[in-house]
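Asker: Need a 3D model of the sequence below.
(one chain, ligands or ions: 2)
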Amino acid sequence: MNEAIKPGVDGQTQEGPELSVIVPTFNERDNVTVLYRRLEATLPNVAWEVVFVDDNSPDGTWDVVRELAQKDSRVRCIRRIGRRGLSGACIEGILASSAPYAAVMDADLQHDETQLPKMLLLLASDKADLVVGSRYIEGYKSEGFNKQRAGASALATEVARKILRVEIADPMSGFFMVRRDRFEQLAPKLSVHGFKILLDLVATAHGSLRAIEIPYTFGARQHGESKLDSLVALDFLGLVLAKLTNDIVSLRFILFAMVGGIGLMVHLATLFIALQLIRVPFAEAQAAGAIVAMTTNFIMNNFLTYRDQRLKGFAILRGLIMFYVVCSVGLLANVGVAFSVYDQEPIWWLAGMAGALMGVVWNYAMSGLFVWRK
Ligand code: GDD
Ligand code: MN
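Answerer: Ligands and ions are numbered 1, 2, ... in the order given. All right, here's what the predicted structure looks like:
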């Protein structure tokens with residue numbers, strides 16, 4: 001039998017791969033070749049391909065992948081320019097693959113590739129639509145987590161399971177295999193922002209994916225470092241809120257609004273310092289508060305809300321100035337709406353909230369058009 005011809009799902013012979021392994025990479029130069037060799041060793045009886053989705057890594061990971069692809073046509077490389085983000089990379093990789101089953105795994109050898117044949121068998125025998133490599137069920141061992149990270153991960157998992165009614169034990173896992181046709185149906189509703197693609201997938205499916213979890217050992221990272229920072233926590237919160245509102249409110253808007261909330265506190269803190277400690281007049285103190293808050297909001301949005309299209313170099317200055325302009329007009333809109341609501345219904349908190357909502361919606365819409373435009 002030709003190497004690439006294998007019995008397909010329906011028992012008929014099928015040409016082309018049966019399994020696509022999607023590997024998002026960012027600065028994983030030293031890991032990709034090792035991973036490729038391990039896939040080769042662990043999948044001798046499967047027609048597989050591997051799709052590396054690299055966000056133009058400064059260490060030239062894509063270059064190493066291309067070299068592998070030159071020698072083996074089962075290796076493919078998607079090199080994305082001007083974009084960053086784990087979820088988006090995974091989605092793009094799965095959509096670019098052609099096999100009936102798609103696995104997602106990290107490049108850094110923390111996921112146990114020897115589980116892949118078992119996962120494939122479960123899908124191919126139609127026992128499930130999704131198989132998750134899980135760290136929270138019996139048989140699981142972890143070498144790759146420090147105490148703090150393990151605690152945060154467990155807490156986030158509990159929150160997701162309670163609030164989003166996600167049934168699986170480890171919705172934060174970055175290691176899973178899914179039927180591509182089922183994934184493709186759900187893909188238009190998935191967020192390309194953030195890290196939590198599996199949680200997003202399961203929450204979006206509303207129980208329509210039959211999932212099985214298998215335990216695996218989360219190994220220690222061999223080379224390079226983790227790209228998940230503390231901003232991921234906020235990112236997670238945004239995703240939970242977005243799914244709670246059934247995607248009426250986008251993850252990006254929620255992040256923007258959360259940053260706005262933090263900005264309000266920054267404003268009040270600055271006002272307090274200026275009035276009480278430095279003792280400047282109120283108007284000046286209020287102006288200082290506004291400028292400090294707008295600046296920190298801009299920085300936070302650039303790092304979190306728009307991390308996938310982060311402004312760099314000279315564009316930062318231009319973006320900051322535009323952000324000041326947008327927010328100043330937003331403030332006028334805010335006060336205007338609050339006044340007119342108060343005029344009709346003199347309830348101070350209702351008018352205040354209506355104004356604030358108007359302000360944040362305005363700032364969000366205009367920032368997307370003029371500051372982080374794409
Ligand atoms: N293309 C692309 N773009 N790939 C990325 C990006 C990005 O912006 N950020 C990270 N990656 C790649 C990394 O190169 C790695 O292959 C994989 O995504 C996971 O990134 P790590 O930085 O190694 O994440 P981690 O080990 O801290 O987190 C893992 O475990 C978490 C569970 O606690 C990941 O599997 C997470 O998805 C998972 O939630
Ligand atoms: Mn990792």
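Asker: My guess is A293 contacts A269. True?
Answerer: No - counting by C-beta atoms under 8 Å, A293 stays clear of A269, with 9.0 Å between them. Where C-beta positions appear, they are placed from N, C-alpha and C, glycine not excepted.
Asker: who's more crowded, the two?
Answerer: Shown here are A293 and A269; by other C-beta atoms under 10 Å, A293 has more neighbours (22 against 13).
Asker: That one looks like it's in a strand, true?
Answerer: No - counting by DSSP: H, G, I helix; E, B strand; the rest coil, A293 is not found in a strand; it is helix.
Asker: Count the residues that sit near the nearest residue to it once chain neighbours are set aside.
Answerer: What sits nearest to A293 in space, not counting adjacent residues and going by C-beta to C-beta, 6 or more residues apart in numbering, is H267, at 3.8 Å. When neighbours are counted by other C-beta under 10 Å, H267 registers 20.
Asker: Enumerate every residue touching H267.
Answerer: 289-290, 292-293 (C-beta atoms under 8 Å, 6 or more residues apart in numbering).
Asker: as a whole number, average confidence for the helix or strand harbouring L268?
Answerer: Using DSSP states H and E, L268 falls within helix 251-272. Helix 251-272 carries an average pLDDT of 91.
Asker: which element is F52 on?
Answerer: If you go by DSSP H and E, F52 is part of strand 48-54.
Asker: Determine the next helix or strand in the C-terminal direction from that strand.
Answerer: Following strand 48-54 in sequence, per DSSP H and E, is helix 61-71.
Asker: hang on, the earlier thing: so which of the contacts of H267 comes closest to K162?
Answerer: Nearest to K162 among the contacts of H267 is A293, at 33.2 Å by C-beta to C-beta.
Asker: how much space between the closest one and D54?
Answerer: Distance of A293 to D54, given as C-beta to C-beta, to the nearest Å: 37 Å.
Asker: same deal with F298?
Answerer: For F298 relative to D54 (C-beta to C-beta), the value is 29 Å.
Asker: quick one: which of the two has more around it?
Answerer: D54 (28 against 24).
Asker: Name whatever forms a beta bridge with the more buried one.
Answerer: On the basis of DSSP bridges, D54 is bridged to T25, R79.
Asker: For ligand 1, what is the nearest residue in the stretch 101-250 of the chain?
Answerer: Proximity of the stretch 101-250 of the chain to ligand 1 (C-beta to the nearest ligand atom) peaks at G174, 2.1 Å away.
Asker: what sits against the nearest residue to that residue once chain neighbours are set aside?
Answerer: Take G174 and drop its neighbours on the chain: the residue closest to it by C-beta to C-beta, 6+ apart is D106, 5.5 Å away. Contacts for D106 (C-beta under 8 Å, 6+ apart) come out as 23-24, 174-175.
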